[in-house]
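> what follows is a predicted structure for the sequence shown.
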Amino acid sequence: MTSVPENIPKLNLYNFEEPQYEDCDYVLTSPRSLEACSRLNIKPVDLLHKPLEEFKEELQEYDLQPSTIYFFYNEHENKRQNNLQRCWEERSQIIKEEMEEGKKAALKEFSNDDLTNQEFSAAIVPVYNYKIDDILGYGDTEAFTQKQRTRSSLSNDRITKDIINEWYLSV
């Protein structure tokens with residue numbers, strides 16, 4: 001697996017929405033995250049959050065009701081969250097495949113009958129000595145927190161009738 005050059009931020013499916021990367025030229029740079037998107041035929045740019053205000057601005061010329069604008073926003077956000085979830089799952093699958101390949105390579109390398117069980121275990125353990133939180137992208141608590149914020153932002157309770165009426169009056 002190729003690594004990301006030092007001058008390019010390491011953006012994966014768990015940290016790409018963090019505020020410090022808002023003006024970054026890249027959406028994703030992590031090979032696993034890019035592979036997950038590729039396998040699912042999802043463009044990384046389609047995983048970016050699009051604020052409701054952008055929908056209002058884009059649809060303003062069509063003289064739509066605020067509830068209609070919110071409907072389009074909600075549909076887009078639900079699709080984005082669904083695709084993001086699929087990408088997270090695919091990335092986890094890629095990691096499992098890599099671990100399985102590592103296990104097979106270790107088994108091939110250490111399948112000599114002369115090794116005792118203890119020697120074999122000592123040889124194969126380093127292959128699996130990963131921190132699972134780091135593998136799944138949770139090692140960075142800020143990235144995990146952002147993921148949780150993104151999930152919680154899906155609640156429809158965020159947009160109240162008062163807010164919709166306010167939009168309606170401002171249009």
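Yes, it's here.

> do you know how far the residue nearest to Ile94 when sequence neighbours are not counted is from Asp23?
Among residues not flanking Ile94 along the chain, Arg32 sits closest, at 5.1 Å (Cβ to Cβ, 6 or more residues apart in numbering). No exception for glycine: its C-beta is placed from N, CA and C like everyone else's. From Arg32 across to Asp23, the span is 24 Å (Cβ to Cβ, to the nearest Å).

> so which of those two has more stuff around it?
Neighbour count, other Cβ atoms under 10 Å: between Arg32 and Asp23, Arg32 has more, with 21 against 6.

> number of nearby residues for the closest residue to Tyr26 other than its chain neighbours?
Nearest residue to Tyr26 in three dimensions, chain neighbours excluded: Leu11, at 5.8 Å (Cβ to Cβ, 6+ apart). Using other Cβ under 10 Å, Leu11 is surrounded by 21 other residues.

> surely Leu11 touches Val27?
Yes - counting by Cβ atoms under 8 Å, Leu11 touches Val27, with 6.7 Å between them.

> and Glu89, how far is that from Asp46?
17 Å.

> you'd agree Phe16 is up against Leu47?
Yes - contact criterion Cβ under 8 Å: Phe16 and Leu47 qualify, at 7.2 Å.

> what sits in contact with each of the two?
Val27, Leu28 (Cβ atoms under 8 Å, 6 or more residues apart in numbering).

> the more surrounded of those two?
Each of Phe16 and Leu47 has its neighbours counted (other Cβ under 10 Å); Phe16 has more, 23 against 19.

> residue contacts, Ile8?
Tyr26, Thr29.

> from Ser33, how far off is it?
13 Å.

> and for His49?
Separation of His49 from Ser33 (Cβ to Cβ): 16 Å.

> what about the two, which has more around it?
The residue with more neighbours, out of His49 and Ser33, is Ser33; 26 against 13, by other Cβ under 10 Å.
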